[in-house]
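In: Requesting a structural model of the entry that follows:
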Amino acid sequence: MKLKSLILLLFAFISIITKADSLDSLRNEILCTVCKYDATVGVAVMTDSGDTLTVNNDVDYPMMSVFKFHQALAVCHFLQTRGIQLDSVIQVSKDELRENTYSPLRDRFPEGNISISMSELMIYTLQQSDNNACDILFNRILSVKDTEEYIRSLGLDGFSIEMDENDMHQNLDNCYRNWTKPSGAVRLINLFLEGKAVSGKYYDFIKRTMTECTTGTARLPYPLRNTAAVIGHKTGTGDKNSQGRYIGINDIGFIDLPNGSRYLIAVFVKDSAEDYETTEKIIAEISSLVYNYINNQ
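Out: The predicted structure is shown next:
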């Protein structure tokens, strides 16, 4: 009996060591990939068993529109706890649809004075990264400060949300004040998927909106396009700073595989001197490495 127990312990120990070596192998592959580019790249991956891999996780990465995922969680929690329905409508004036910022909502309704539901505003923010829709939610539903406080109430650290889209538009340096560690991003996705942020139809709405996202196809989704994997994700894209580098080009998400397994991934590219297409390619290459690793386990 003692011999059998020792054998089982030995197999368990070997399994743990093999798994760690395998994760180290994936980490080394990612490191070899990112070292080819003139950019700071941060990565976090969490498997469905809870194992987490990080690369360059000690850097603060500008989130850009990735923080609209944080906002959506905070807004939905606010609505849910107050019994406010997702189809509740507010009026939006022309003054709230600022020009000279990215806004499909303004492009569709240039004269403003529209009635729009909470869910429609969040579809604009989560799927299309609409800057005006984002700031309408900050100004009319839940402030920047209250949004950050709610996310911290979930037990999350390693991030900061201080600025709205207009603040960042007025001064590009403010983009660096909305930041996250890659590990913080995957932890937040995990909290969401575990139902610890919102639940019921509010949870279903965010998850569906993220899985129906059609932007950023050259990033995390690119190596998954001919597979049966399902991805829900949120992108973030910044302008160039005074040194001519892209402040941040990012993508975070969850991937469900046909075999029933799931993994979470966040890739942040900070201060990239590469062109836009090449910077997106960095994210796609990392996504491919992680997908091949997880899918072959």
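
In: Which helix or strand lies directly C-terminal to the helix or strand harbouring residue 209?
Out: Residue 209 belongs to helix 200-211 when assigned by DSSP states H and E. Using DSSP H and E, the helix or strand that follows helix 200-211 towards the C-terminus is strand 230-237.

In: For the residue nearest the centre of the chain, list the residues it contacts.
Out: With distances taken as Cα atoms, centre = their mean, the residue of the chain nearest its centroid is residue 252 (3.2 Å). Neighbour list for residue 252: 66, 69, 185, 186, 189, 220, 233, 234, 265, 266, 267 [criterion: Cβ atoms under 8 Å, 6 or more residues apart in numbering]. The way it works is simple: take the backbone N, C-alpha and C, and place the C-beta from them, glycine included.

In: Alpha carbons of the helix holding residue 209, as CSV, please.
Out: Provided in CSV are the C-alpha atoms of helix 200-211 (Å, rounded to 0.1, in the frame of the first residue of the first chain):
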residue,chain,number,x,y,z
GLY,A,200,-27.8,36.7,-15.5
LYS,A,201,-28.8,38.7,-18.6
TYR,A,202,-26.1,41.3,-17.8
TYR,A,203,-23.4,38.6,-17.9
ASP,A,204,-24.9,37.1,-21.1
PHE,A,205,-25.1,40.5,-22.8
ILE,A,206,-21.4,41.2,-22.2
LYS,A,207,-20.2,37.8,-23.2
ARG,A,208,-22.3,37.8,-26.4
THR,A,209,-21.2,41.3,-27.3
MET,A,210,-17.6,40.3,-27.0
THR,A,211,-17.9,37.1,-29.0
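
In: Not counting sequence-adjacent ones, nearest residue to residue 123?
Out: residue 209 (5.7 Å; Cβ to Cβ, 6 or more residues apart in numbering).

In: same question, residue 138
Out: In space, residue 138 is closest to residue 164, 4.8 Å off (Cβ to Cβ, 6+ apart).

In: And the helices in this protein?
Out: 2-34, 67-81, 104-108, 118-128, 131-140, 144-153, 165-170, 182-193, 200-211, 276-295 (DSSP state H).

In: Adding mean pLDDT, distance to residue 246 and mean neighbour count as columns, could you present the ones you listed in TSV?
Out: Below are these laid out as TSV (pLDDT from 0 to 100; distance: least, Cβ to Cβ, whole Å; neighbours: other Cβ atoms under 10 Å):
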stretch	mean pLDDT	distance to residue 246	mean neighbour count
helix 2-34	61	15	12
helix 67-81	98	17	23
helix 104-108	97	21	17
helix 118-128	97	20	22
helix 131-140	98	17	22
helix 144-153	98	23	17
helix 165-170	96	14	19
helix 182-193	98	17	23
helix 200-211	98	23	17
helix 276-295	97	6	19
